[in-house]
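Colleague: with the sequence up front, the predicted model follows.
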Amino acid sequence: MPELLTTSRAADDRRGATAAPLESRRLEYLLALERKVLWLSTWMIHNANHLRTSRDGLKVGGHQASCASVVTLMTGLYFDVLRPQDRVAVKPHASPVFHAIQYIFGRQTRENLEQFRALGGAQAYPSRTKDCDDVDFSTGSVGLGVAITLFASLVQDFVRLKKLVPDAAPAGRMIALAGDAELDEGNVFEALLEGWKHDVRNVWWIIDYNRQSLDSVVEDRLFHRIDTTFQSMGWDVVTLKYGRRLQEVFARPGGDALRNWIDNCPNSLYSALVYRGGAGWRARLKRDLGSTRGIAALLDEYDDAELHSLLTNLAGHDMESVLEAFHRVDSDAPTCFIAYTIKGFGLPFAGHKDNHSGLMSIEQMEVFRRSMRIEPGHEYDLFGGLDIPAEEIRRFLEQVPFTAAAPRRHDAPRVAVPLALPVPQGLMISTQEGFGRILSDLARQPADFVGRIVTTSPDVTISTNLGPWVNRRGLFDCRPRGDLCSGDAVASAQKWEISPTGQHIELGIAENNLFLLLAALGLAGPLFGARLLPIGTLYDPFIGRGLDALNYACYQGARFLLVATPSGLTLAPEGGAHQSVITTLIGMGQPGLTAFDPAFVDELSAILTWALWHIQDDEGGSVYLRLSTRPVKQPERAMTPELSDAIVRGGYWLVPPDPETGLAVVSCGVVTTEAVLAHALIREDVPGAGLLVITSAGRLHGEWLAARRARAAGDAGCRSHVELLLESLPRSAALVTVLDGHPATLSWLGSVALHHVVALGVEGFGQSGDIPDLYRTYGLDAQAIIDAAARACLDQRVQ
Ligand SMILES: Cc1ncc(C[n+]2csc(CCOP(=O)(O)OP(=O)(O)O)c2C)c(N)n1
Ligand SMILES: [Mg+2]
């Protein structure tokens, strides 16, 4: 193990004297609770795996070793350090520890603990939406929970500086309890850099430095990299390495040598000795240090159990060290705690390199139960097996600061939004330009809801047409910084005034950061009590780059509007690296997200109006708009309530079919221009052919499945929008579907009313070209639609 570092210089400079000593009784209570948390979390997993009947032969799982590693840190935090306004992302595999703590607070039920990892029970990984016990941030995909706390701190500053929350409400600390292997995820470092740019504060990342990941023991040299990386980003670093008892021994004769020995002990050997226990330590220390003055005497003072306990007295398991480190922080500087721990501490497989998924056997649990003095049948008793009378602990729990204010989750009122947004005028206009114009128009309005809009983009603000909005509403930063470019002699259309009143948060190019910021902005209501209307823009193909973070944002119920533009093959000269193909399927398949692919700007306006409401609705979700830079001829029509309703429900007949027709062209998005052209020609051969415009394949599909379920449940009259649309087409008619995306997005339409389908779309990677060439090559042009129509009619005749 490397050299002991206590606090980095940056931290030392800011701090004064050490904190006052802990009251001795408080420590006793905390140690008792630490013991209880270890027991409950270990037992919860054991119960799920050994005592519930398995019906499917699958191991239920759970991570006893990962939990034990973090018990002291979490007990200290929740029962002493945290305040109600603090928000925490708990290491995914410490979910049982979190649930155990909430159970002790009376915020989790015994039934849910007994049903850990079963349907309806406590979740395997803390979940904001599925758990009942006040989870602040969901976790599970390692690294994302760590990084979201940083963006949450930025959002906290945003709502506080704009006075969207009461002045008197204290700022919370955004805290991540991270596994050390989470630092292998690149998104953590993307966030760190972005945080540095934005001067983040009130963020704590507490690293459970057990030097083990899933597969292996981590290299010792990593420690120095962590320390210096954080310091270089302006963070304070506090290292908790040795516990009190070890530090006392280090001050005695032979102590220096012992400390050097541990400092230089490879993690793999240290872990192996932890696993072997007292006799192993003794033999090894005798061999390596036996001739050093003071060591023999020191070893003789301890029996094997005591020696083991001494040598595993790392600070991350030493309550006093933990509390002192946390309480000493008196600034709002971002702070990283590197807490040395042992994976599986206090359990039989402590330190074993394969302990990540290890479960204690029935026999091991029996020994553990007795050592915890838990009576059989009393496993969930809150105070059983402790030395302190229940009443006393209850009184202690009543004054724990964290639970002083309840509920911690805010219920932010909805923001009133307009019933209709303006439709940008112009004969030839792209949906992306339309979006920019609508926002530019909003930027000029004094309406209250406009003040709740916050836009963000990963370095594509201008190229996604947010420029005019930003010119008027400014960039956000905690400190007023003026217009960064105004000093240049170079004339520019961009006026980027940077101040706390700004409403655009500019990010570097990291789509993970965009989605994590959108997640945090989209949770501003429940987290901070201020509802925001977040809008993020990016290039459509790069959704894939941050897809896990997008999924993470949706998974925890964050609400935002995602505007992905430009998209598809229609990007033409930009080539295959920028032309999205599968995003239409992502839009359909991603839970919590409703995707739209509008063809015209009046559709866009109707969808945006609906979206501003939908992202606030209790039953709503986030919204994804897939836009294009291609100017297309706009239809001359009035936006009626019926048309607007059909647009947001997913589609409408641009040209309704005749009742006897044999064909309908179905188009989605920007290629509707080709569909209109082809349809006019097709009608010469197929009289009465219809033209159906799909604005949201996902909405149509979802509502169709829901209607089928409703009918199966007895609601015989329930009809979905797509069923009503296709009702006007005879069963014998064929559908030719076309979109600038994967053909599977629309091919399912054939199953709705059993129409034959020929589906056009993009199946391979794109390439550079112009639109006529690319549409011809990939089969999206009017001729391809006409050919497909001929094929479809032929197929129908053959049948
Ligand atoms: C994105 C992602 N990749 C892989 C996994 C599988 N996985 C679960 S835990 C883990 C390693 C955890 O190690 P660490 O963060 O150090 O936690 P510890 O259990 O040691 O406390 C991995 C790779 C995951 N949960 N998320
Ligand atoms: Mg680890």
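Modeller: Good, I have the coordinates. Every value quoted in this text rests on a predicted model; they were computed, and no experiment measured them. Ligands and ions are numbered 1, 2, ... in the order given.

Colleague: what parts of the stretch 201-350 of the chain come near ligand 1?
Modeller: Residues of the stretch 201-350 of the chain found near ligand 1 (CB under 6 Å from any ligand atom) are 208, 210, 212, 213, 214, 343. C-beta here means a position set from N, CA and C on the backbone, and glycine is covered the same way.

Colleague: again, only this time at 8 Å
Modeller: Residues of the stretch 201-350 of the chain that fall close to ligand 1, judged by CB under 8 Å from any ligand atom: 208, 210, 212, 213, 214, 215, 218, 343.

Colleague: excluding chain neighbours, what is closest to the first one?
Modeller: Of all residues not flanking residue 208 in the chain, residue 70 sits nearest, at 4.8 Å (CB to CB, 6 or more residues apart in numbering).

Colleague: residue ranges of the strands in the stretch 1-150 of the chain, please?
Modeller: 87-89 (DSSP state E, counting those that start in this stretch).

Colleague: typed the wrong thing, it's the stretch 451-600 of the chain
Modeller: 453-458, 475-476, 482-483, 497-499, 504-507, 533-538, 561-564, 593-596.

Colleague: low-confidence regions, the chain specifically.
Modeller: 1-24, 220, 484-490, 798-799 (pLDDT under 70).

Colleague: so which residue is dead centre in it?
Modeller: residue 552 (3.3 Å; CA atoms, centre = their mean).

Colleague: my guess is residue 161 meets residue 479, correct?
Modeller: No. If you go by CB atoms under 8 Å, residue 161 and residue 479 don't touch, sitting 9.7 Å apart.

Colleague: near ligand 1, which residues of the protein show up?
Modeller: Residues of the chain lying near ligand 1 (CB under 8 Å from any ligand atom): 63, 65-66, 69-70, 91-94, 125, 140-144, 178-182, 185, 208, 210, 212-215, 218, 343, 356, 548.

Colleague: recalculate using a threshold of 6 Å.
Modeller: Applying CB under 6 Å from any ligand atom, one finds that the chain approaches ligand 1 through 63, 66, 69, 91-93, 141-142, 179-182, 208, 210, 212-214, 343, 356.

Colleague: contacting residues for the closest residue to ligand 1 within the stretch 551-700 of the chain?
Modeller: Ligand 1 sits closest to residue 552 of the stretch 551-700 of the chain, with a gap of 9.7 Å, by CB to the nearest ligand atom. Residues near residue 552 by CB atoms under 8 Å, 6 or more residues apart in numbering: 138, 141, 144, 148, 515, 516, 519.

Colleague: and the residues you listed, which two are furthest apart?
Modeller: Distance extremes for those: the farthest pair is 138 and 515 at 13.5 Å, using CB to CB.

Colleague: more neighbours: which of the two?
Modeller: Remark: of residue 138 and residue 515, residue 515 carries more neighbours, 32 against 27, as counted by other CB atoms under 10 Å.

Colleague: once you drop chain neighbours, what's closest to the more buried one?
Modeller: residue 549 (3.6 Å).

Colleague: neighbours of the one you found, just the number please.
Modeller: Around residue 549 there are 27 residues (other CB under 10 Å).

Colleague: wait, doesn't it sit right on residue 510?
Modeller: No. Contact criterion CB under 8 Å: residue 549 and residue 510 do not qualify, at 9.5 Å.

Colleague: nearest spatial neighbour of residue 437, skipping sequence neighbours?
Modeller: residue 424 (4.1 Å).

Colleague: in contact with the one you found, which residues?
Modeller: Contacts of residue 424 by CB under 8 Å, 6+ apart are 433, 434, 437, 438, 441, 601, 605.

Colleague: still on that earlier bit, next one: the residue of the stretch 551-700 of the chain closest to ligand 1 from residue 732, what distance?
Modeller: Using CB to CB, to the nearest Å, we find residue 552 at a distance of 46 Å from residue 732.

Colleague: same question, residue 406
Modeller: From residue 406 to residue 732 the distance is 63 Å (CB to CB).

Colleague: more neighbours, these two?
Modeller: residue 732 (15 against 11).

Colleague: what's the helix or strand for that one?
Modeller: Using DSSP states H and E, residue 732 maps to neither a helix nor a strand.

Colleague: residue of the protein nearest ligand 1, please.
Modeller: For the chain, CB to the nearest ligand atom, closest residue to ligand 1: residue 179, 2.0 Å.

Colleague: just give the nearest non-adjacent residue to that residue, would you?
Modeller: Using CB to CB, 6+ apart, the closest residue to residue 179 is residue 91 (4.9 Å).

Colleague: please apply the same query to residue 784.
Modeller: residue 760 (6.0 Å).

Colleague: same thing with residue 542?
Modeller: residue 511 (5.1 Å).

Colleague: likewise for residue 408?
Modeller: In space, residue 408 is closest to residue 84, 5.3 Å off (CB to CB, 6+ apart).

Colleague: next one: residue 507
Modeller: Closest to residue 507 by CB to CB, 6+ apart is residue 458, at 4.6 Å.

Colleague: please confirm that residue 183 is located within a helix.
Modeller: Yes. According to DSSP: H, G, I helix; E, B strand; the rest coil, residue 183 belongs to a helix.

Colleague: what's the neighbour count on the residue of the chain closest to ligand 1?
Modeller: Residue 179 has 28 nearby residues by other CB under 10 Å.

Colleague: quickly list what it is bridged to.
Modeller: Using DSSP bridges, the beta-bridge partners of residue 179 come out as residue 208.

Colleague: do I have it right that it meets residue 208?
Modeller: Yes. Shown here, residue 179 and residue 208 form a contact pair, counting by CB under 8 Å, at 5.6 Å.

Colleague: joint contacts of those two?
Modeller: residue 91.

Colleague: list the beta-bridge partners for residue 499.
Modeller: residue 476.

Colleague: hang on, the earlier thing: my guess is the residue nearest to residue 179 contacts residue 206, does it?
Modeller: No. The pair residue 91 and residue 206 does not pass the contact test of CB under 8 Å, sitting 9.1 Å apart.

Colleague: neighbour count for the two, which is higher?
Modeller: residue 91 (31 against 28).

Colleague: enumerate every residue touching the more buried one.
Modeller: Contacts here follow CB under 8 Å, 6+ apart; on that basis residue 91 touches 66, 70, 139, 145, 177, 178, 179, 182, 208.

Colleague: make it 10 Å
Modeller: For residue 91, the contact set (CB atoms under 10 Å, 6 or more residues apart in numbering) comprises 63, 66-67, 69-70, 73-74, 97-98, 125-126, 139, 142, 145-146, 176-182, 206-208.

Colleague: can I get the CA coordinates of whichever helix in the chain runs longest in PDB?
Modeller: In the chain, with assignment by DSSP state H, the single longest helix is helix 24-46. The C-alpha coordinates for helix 24-46 follow below in PDB (Å, rounded to 0.1, in the frame of the first residue of the first chain):
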ATOM      1  CA  SER A  24     -18.400   9.700  23.600                       C
ATOM      2  CA  ARG A  25     -22.000   8.500  23.700                       C
ATOM      3  CA  ARG A  26     -22.700   9.500  20.100                       C
ATOM      4  CA  LEU A  27     -19.800   7.200  19.100                       C
ATOM      5  CA  GLU A  28     -21.300   4.300  21.000                       C
ATOM      6  CA  TYR A  29     -24.700   4.700  19.300                       C
ATOM      7  CA  LEU A  30     -23.000   5.000  15.900                       C
ATOM      8  CA  LEU A  31     -21.000   1.900  16.500                       C
ATOM      9  CA  ALA A  32     -24.100   0.000  17.500                       C
ATOM     10  CA  LEU A  33     -25.900   1.200  14.400                       C
ATOM     11  CA  GLU A  34     -22.900   0.300  12.300                       C
ATOM     12  CA  ARG A  35     -23.200  -3.300  13.600                       C
ATOM     13  CA  LYS A  36     -26.900  -3.300  12.900                       C
ATOM     14  CA  VAL A  37     -26.500  -2.100   9.400                       C
ATOM     15  CA  LEU A  38     -23.900  -4.700   8.700                       C
ATOM     16  CA  TRP A  39     -26.200  -7.400  10.000                       C
ATOM     17  CA  LEU A  40     -29.300  -6.300   8.200                       C
ATOM     18  CA  SER A  41     -27.600  -5.800   4.900                       C
ATOM     19  CA  THR A  42     -25.800  -9.200   5.100                       C
ATOM     20  CA  TRP A  43     -29.000 -11.000   6.300                       C
ATOM     21  CA  MET A  44     -31.200  -9.400   3.600                       C
ATOM     22  CA  ILE A  45     -29.000 -10.900   0.900                       C
ATOM     23  CA  HIS A  46     -28.700 -14.200   2.700                       C
END
